[in-house]
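[1] Give the three-dimensional model of this entry:
(one chain, ligands or ions: 1)
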Amino acid sequence: MCGIIGYIGKKNIVDVLISGLKKLEYRGYDSSGIAILKENKIIRHRSVGKISQMEASLPSEFKNLSSKDDCIGIAHTRWATHGKPSEENAHPHIDCTKSFVLVHNGIIENYFELKTKLKKHKFLSDTDTEVIVHLIEENYNGSLIEAVKKTLKLLEGSYAFVLLSKYDPKKLFFARKDSPLIIGLAEDEKLIASDVTAMLEYTNKFIFLENEDFGEVSAKDIKIFNLKRDSIQQRPITLVNWSAQMAEKSGFKHFMLKEIYEQPQVLRENITSRVFGEDIIFDDELKFKKDLLKKIEKILIIGCGTSYHAGLVCKYFFENILKIPTEVDIASEFRYRNPILKNNTLAIFISQSGETADTLASLRLIKRYKLPTLGICNVVGSSLYREADSTIYIRCGPEIGVASTKAFTGQLISLYLFGLYLAKIKKTTSHQRYIELLNSLYKTPTYIENILSDTSFLKHLAELFYSKKDFLYLARGINYPVALEGALKLKEISYIHAEGYPAGEMKHGPIALIDKDMPVVIIATKGALLQKVFSNLEEVKSRDAKVIALTNYGVESKSIDYKIILPETDELISPILNVVPLQLLAYYIADILGCDIDQPRNLAKSVTVE
Ligand code: M6R
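    Okay, the predicted model is just below:
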């Protein structure tokens, strides 16, 4: 949830840390701070609010730094868990002797117990993090790496931390467990951060630290140890072919808008790199033997938020083309419900970040049952990638806006291709239907371009409805999860209350909400259930609601007040198109309201705590 960056090298330390923090701001943005070594003294600055506020209030001692020494420092952007957003609770945290300073992402679950044992120490914040830096102080006996190791053995919970000390001024010390931490490698300089995007400006070469790794990094050298092993650990260097520009807005007002517009290109890249003629090829990313896949009798899909919605869409798709039961679960529920798991079940975990705590906990639970696990993930080298048996990357490039957009359609396209691949192996769909679906998938990028080419009507709708307090989103069948996703987009970025509902279920409760002030967005694109949707539409209209319908040419109904006309496609493929206008509608409404679209209140892009 929080973002960490550390740097050691010759560049201006403040510039590197602040620009890195800005790239990490999507991970948390209630307060931030920076600490550097200056003439072997730790200097620190922290502030509530955005990173720009912290930057603007930097004291003069952070300026005019001499360039003769290696520059070393750490910085942090926070999403509060323990202790409200305040300057005292902002990181970096410092020990009593002002010799050690530390930034942390994660939750120390036994911090209270540890704190009560550290009676001699003066705690200045309400955070769980502060306990780590006091423990390091307590355990320091001339060797920092030993102090780190001793401290780690006392900690319960999750952590990624970077430590700086005046006792070893040319090194940063680090550790990770269940929270991401990555080392960026460049000549005579090193970076360490929660996410590669903060380091892309300087390097494409990264070491993804593993669970319970800890160690030290200097400008030229890295030493990695692991709590479970004795020797120095060798970790592979991964090349990430994302560019620094991919993490920029490139002229768009917000990352979210840019990412919505990137969807055709992302989907095209996914299709053209995996579909060759009539064959779908998942090179070495799919490590399962075909024999294992042939035997799959059930699919279990797990995710959170938008990724969960993508899973729900796939339930309809998979059951249709694979004819096997597909169960979808919210990760935070699944991990505690003692699931009944049977052999020949494939468990799929969907996560853009690959770091969502509940999704990873569910993966670890399934692994205890020795079922095959497949990750669907965007972030290269993430925990999901490292822990699942196989991972299909959705190849979307960095998604910075907190509201997930291109990752949703990227997840759908990757899962659809996987479903078709499996259908071919299991021979559960006729060749003709397989080709029809593949052809429809091929056309989606062009259709989305079409939708994006003229958004004036969606802007007009936003003008008409931005002042409403509640929205209802309705749909049936495979588009029901798209209604959920449309409502989620609106509520998370505009703070307008919105509910997604299966249209047929509306009369069992939500219909009571409907009156002339309630806009109802209904997905009425062509498909087997269109007539049923029409009946629901009548029920809505007869309660005077304003009806906005996503539909196709030729669909007529007097009860629709505003028609958003979409290209016609196969019903099974339609969610990939239908979600796009809903993303845009939410975006334009939030923009009129002047909301902080890329960093909505209380949210964080990557939910690495439970
Ligand atoms: O990184 P993940 O896909 O695991 O994240 C899951 C959710 O936190 C995420 O989809 C969230 O719901 C988005 N903000 C929705 O736009």
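
[2] how close does Cys595 sit to Leu452?
    Using C-beta to C-beta, to the nearest Å, Cys595 is found at 21 Å from Leu452. Using the backbone N, CA and C atoms, a C-beta is placed for each residue, glycine as well.

[3] Name the residue in these two with the higher neighbour count.
    Between Cys595 and Leu452, counted using other C-beta atoms under 10 Å, Cys595 has the larger neighbour count: 19 against 16.

[4] Can you pull the phi/psi pair for the more buried one?
    Dihedral angles of Cys595 (phi, psi; degrees, to the nearest 10) stand at phi -80, psi 160.

[5] shouldn't it be in contact with Leu490?
    No. With contact defined as C-beta atoms under 8 Å, Cys595 and Leu490 do not form a contacting pair (10.8 Å).

[6] Assign the residue in the stretch 501-610 of the chain that the ligand sits nearest to to helix, strand or coil.
    The stretch 501-610 of the chain approaches the ligand most closely through Val607 (4.8 Å), counting by C-beta to the nearest ligand atom. Counting by DSSP: H, G, I helix; E, B strand; the rest coil, the backbone at Val607 sits in coil.

[7] Chain neighbours aside, what residue packs nearest to it?
    Thr356 (5.3 Å; C-beta to C-beta, 6 or more residues apart in numbering).

[8] OK, contacts around that neighbour?
    Applying C-beta atoms under 8 Å, 6 or more residues apart in numbering, we find Thr356 in contact with 303-304, 307, 331, 606-608.

[9] could you redo those as TSV and give each row pLDDT and neighbour count?
    As requested, the contacts of Thr356 are exported to TSV (pLDDT from 0 to 100; neighbours: other C-beta atoms under 10 Å):
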residue	pLDDT	neighbour count
Gly303	98	28
Cys304	98	21
Ser307	98	26
Ala331	97	27
Ser606	78	28
Val607	82	21
Thr608	77	26
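
[10] Looking at those residues, which is nearest Lys370?
    Sorting the contacts of Thr356 by distance to Lys370 puts Ala331 at the head of the list, at 19.5 Å, by C-beta to C-beta.

[11] For that closest one, list the residues it contacts.
    Contact partners of Ala331, counting by C-beta under 8 Å, 6+ apart, are 302-304, 308, 349, 356, 358-359, 361-362.

[12] Mind telling me the two of the residues you listed farthest from one another?
    Using C-beta to C-beta, the pair of these lying farthest apart is Tyr308 and Ala361, separated by 14.7 Å.

[13] Name the residue in those two with the higher neighbour count.
    Between Tyr308 and Ala361, counted using other C-beta under 10 Å, Tyr308 has the larger neighbour count: 24 against 18.

[14] does the more buried one sit in a helix or strand, and which one?
    For Tyr308, the element it lies in under DSSP states H and E is helix 305-322.

[15] same thing with Ile145?
    When elements are assigned from DSSP H and E, Ile145 belongs to helix 144-152.

[16] quick check: mean pLDDT across stretch 56-65?
    Per-residue pLDDT values over stretch 56-65 give a mean of 88.

[17] what's the offset of it from the middle of its chain?
    Stretch 56-65 sits 33 Å away from the centroid of its parent chain (C-alpha atoms, centre = their mean, to the nearest Å).

[18] okay, it in CSV with CA atoms only?
    What follows is stretch 56-65, C-alpha atoms only, in CSV (Å, rounded to 0.1, in the frame of the first residue of the first chain):
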residue,chain,number,x,y,z
ALA,A,56,7.4,22.3,-1.7
SER,A,57,8.1,22.4,2.0
LEU,A,58,11.6,20.9,1.8
PRO,A,59,14.0,22.8,4.1
SER,A,60,17.1,24.4,2.7
GLU,A,61,19.4,21.8,4.1
PHE,A,62,18.1,19.4,1.4
LYS,A,63,19.3,21.8,-1.3
ASN,A,64,22.9,22.6,-2.2
LEU,A,65,24.2,19.1,-1.6
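
[19] Go through that stretch and flag the buried ones.
    For stretch 56-65, a neighbour-count test (16 or more other C-beta atoms under 10 Å) marks 62, 65 as buried.

[20] Show me which parts of stretch 8-21 are buried, residue by residue.
    Applying 16+ other C-beta under 10 Å to stretch 8-21 flags 8-9, 11, 13-14, 16-21 as buried.

[21] Oh, that last question was meant for stretch 202-215, not what I typed.
    202-204, 206-210, 213-215.

[22] Please apply the same query to stretch 591-606.
    Across stretch 591-606, burial judged by 16+ other C-beta under 10 Å covers 591, 595, 597-600, 603-606.
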